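In: using only what follows, build the 3D model:
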Amino acid sequence: MTGTKEKILLAALDLAAKEGLGAVSMSMIADKVGIRKPSLYNHFTSKEELTEAMYAYLRDAAKKKESPTPSEYEKLFQMSSAYDILKTATNAYRKMTLDPNMRTFYKVLYSERTHNPTAARILTEETEKMIFATKQLFYALEVHHLLHFESPDMSALGFAMTIHALMDYEEDCATGGEVGEKNKALLDDYLHWFCETNAAKEAEE
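Out: Alright, predicted model coming up:
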């Protein structure tokens with residue numbers, strides 16, 4: 001991505017955080033970056049395209065900081081238990097979503113998802129990415145005989161949505177001024193319960 005595009009996306013994020021995504025115009029973004037509006041349209045043909053590009057850029061940047069690389073993914077399965085693997089993977093995703101720019105972007109999307117189709121579409125896409133990644137992880141846990149599922153796909157769906165809800169709960173607690181220790185304990189209890197409930201017979205013996 002070029003330096004100009006990056007400046008445009010970060011300028012748009014800053015404006016959206018202050019004004020709301022719906023209130024930000026292409027003219028406002030161009031003015032903040034210090035370029036002419038026609039020049040902005042050379043990079044993005046619409047605000048919707050710019051918002052989608054912002055999501056892709058911010059997510060990729062945050063993911064590179066926190067998510068396991070292919071080689072680290074192999075190391076993940078050198079861990080001794082399914083609990084350690086799930087906790088490591090969950091913490092990596094949690095840290096990605098708490099990246100300062102991602103967190104700002106999500107706050108904007110959550111505040112507008114009921115009336116902004118672009119915001120709703122991006123949040124839907126993020127949830128679908130999380131579910132897909134969880135399915136891949138569960139298939140690997142099954143292959144390595146660390147956990148067993150009657151239906152890996154449905155188990156992955158339930159797990160992903162529960163983690164998603166617990167992360168939302170943590171964010172609500174933080175916004176309300178509560179310390180997140182209670183939420184962390186709840187998440188840890190859930191991971192322990194999930195691993196015990198879905199333990200592979202080979203792992204039990």
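In: could you pull out the helices in this protein for me?
Out: Per DSSP state H, the chain carries helices over the ranges 3-19, 26-33, 37-43, 47-66, 70-76, 82-97, 100-112, 117-143, 152-175, 181-197, 201-204.
In: make TSV out of these and add mean neighbour count and mean pLDDT.
Out: In this view, the C-beta of every residue, glycine as well, is placed from N, C-alpha and C. Shown next, in TSV, are the helices of the chain (neighbours: other C-beta atoms under 10 Å; pLDDT from 0 to 100):
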stretch	mean neighbour count	mean pLDDT
helix 3-19	17	95
helix 26-33	17	96
helix 37-43	14	94
helix 47-66	17	90
helix 70-76	11	64
helix 82-97	18	90
helix 100-112	18	93
helix 117-143	16	94
helix 152-175	16	90
helix 181-197	14	87
helix 201-204	10	54
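In: and residue 194, what does it touch?
Out: Neighbour list for residue 194: 86, 159 [criterion: C-beta atoms under 8 Å, 6 or more residues apart in numbering].
In: contact partners for the most centrally placed residue in the chain?
Out: For the chain, the residue nearest the mean C-alpha position is residue 97 (4.7 Å; C-alpha atoms, centre = their mean). Residue 97 sits next to 62, 103, 106, 167 when contact means C-beta under 8 Å, 6+ apart.
In: need those residues in JSON lines with distance to residue 192, can you?
Out: Listed next are the contacts of residue 97 as JSON lines, based on distance: C-beta to C-beta, whole Å:
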{"residue": "62", "distance to residue 192": "27"}
{"residue": "103", "distance to residue 192": "27"}
{"residue": "106", "distance to residue 192": "28"}
{"residue": "167", "distance to residue 192": "18"}
